[in-house]
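Participant: one predicted model, sequence on top.
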Amino acid sequence: MMAHKGTSTFIIQRFTAVLLAPLAIWFLIGAVSHLGADYETARSWLEQPLNGGLMALFVAIGAWHMRIGMSEIIADYVSSGLRGLLNLINWLVCLALIAGALWAVYNILFAS
């Protein structure tokens, strides 16, 4: 039953936005504090498990939030013939971003 899909999508998008707010502040503080730093300094900051985990969460939650927003845009502004294809691409891009973020953090934390 799809009767409540709009409501649940609305709630999930707001929930991801609330999660993104402190993560965005954390990311901005980290980025600004490392302006002009060399590669090794920035990498060592991300090698800390807390920072690596928060970065993975930031990208993953941001990608999920993006997927929901793009899905709403596709539903509202794209003709029905292209909706299925664009929604599939939207899902694949979201999953690729999440997988890429997790892979990058794994490599920084464990494979170096």
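Facilitator: Okay, I see it.

Participant: okay, now the unreliable bits of this structure?
Facilitator: 1-4, 112 (pLDDT under 70).

Participant: which stretches of the chain form helices?
Facilitator: Counting by DSSP state H, the chain has helices at residues 5-33, 39-47, 49-77, 80-109.

Participant: number of nearby residues for residue 50?
Facilitator: 8 (other C-beta atoms under 10 Å). From N, CA and C alone the C-beta is placed, and that goes for glycine too.

Participant: do the same with the one 5 residues further on
Facilitator: A total of 20 residues lie near residue 55 under the criterion other C-beta under 10 Å.

Participant: with the one 3 residues further on instead?
Facilitator: Using other C-beta under 10 Å, residue 58 is surrounded by 19 other residues.

Participant: quick one on the thing from earlier: hey, which of the helices of the chain is tucked in deepest?
Facilitator: Comparing those by mean neighbour count (mean count of other C-beta atoms under 10 Å), helix 49-77 ranks first with a mean of 16.

Participant: tell me how far it is from the chain's mean position?
Facilitator: 3 Å (C-alpha atoms, centre = their mean, to the nearest Å).

Participant: stretch 29-48 now?
Facilitator: For stretch 29-48, the distance to the chain centre is 20 Å (C-alpha atoms, centre = their mean).

Participant: what do you get for stretch 99-112?
Facilitator: Distance, centroid of stretch 99-112 to centroid of chain: 15 Å (C-alpha atoms, centre = their mean).

Participant: tell me the phi and psi of residue 35?
Facilitator: With angles defined as degrees, to the nearest 10, residue 35 sits at phi -60, psi 130.

Participant: so how many other residues sit close to it?
Facilitator: 7.

Participant: likewise for residue 36?
Facilitator: 5.

Participant: ok, it - contacts?
Facilitator: For residue 36, no residue meets the contact criterion (C-beta atoms under 8 Å, 6 or more residues apart in numbering).

Participant: who's in contact with the closest residue to residue 60 other than its chain neighbours?
Facilitator: If the residues on either side of it in the chain are set aside, residue 60 comes closest to residue 98, at 4.6 Å by C-beta to C-beta, 6 or more residues apart in numbering. Residues near residue 98 by C-beta under 8 Å, 6+ apart: 59-60, 63-64.
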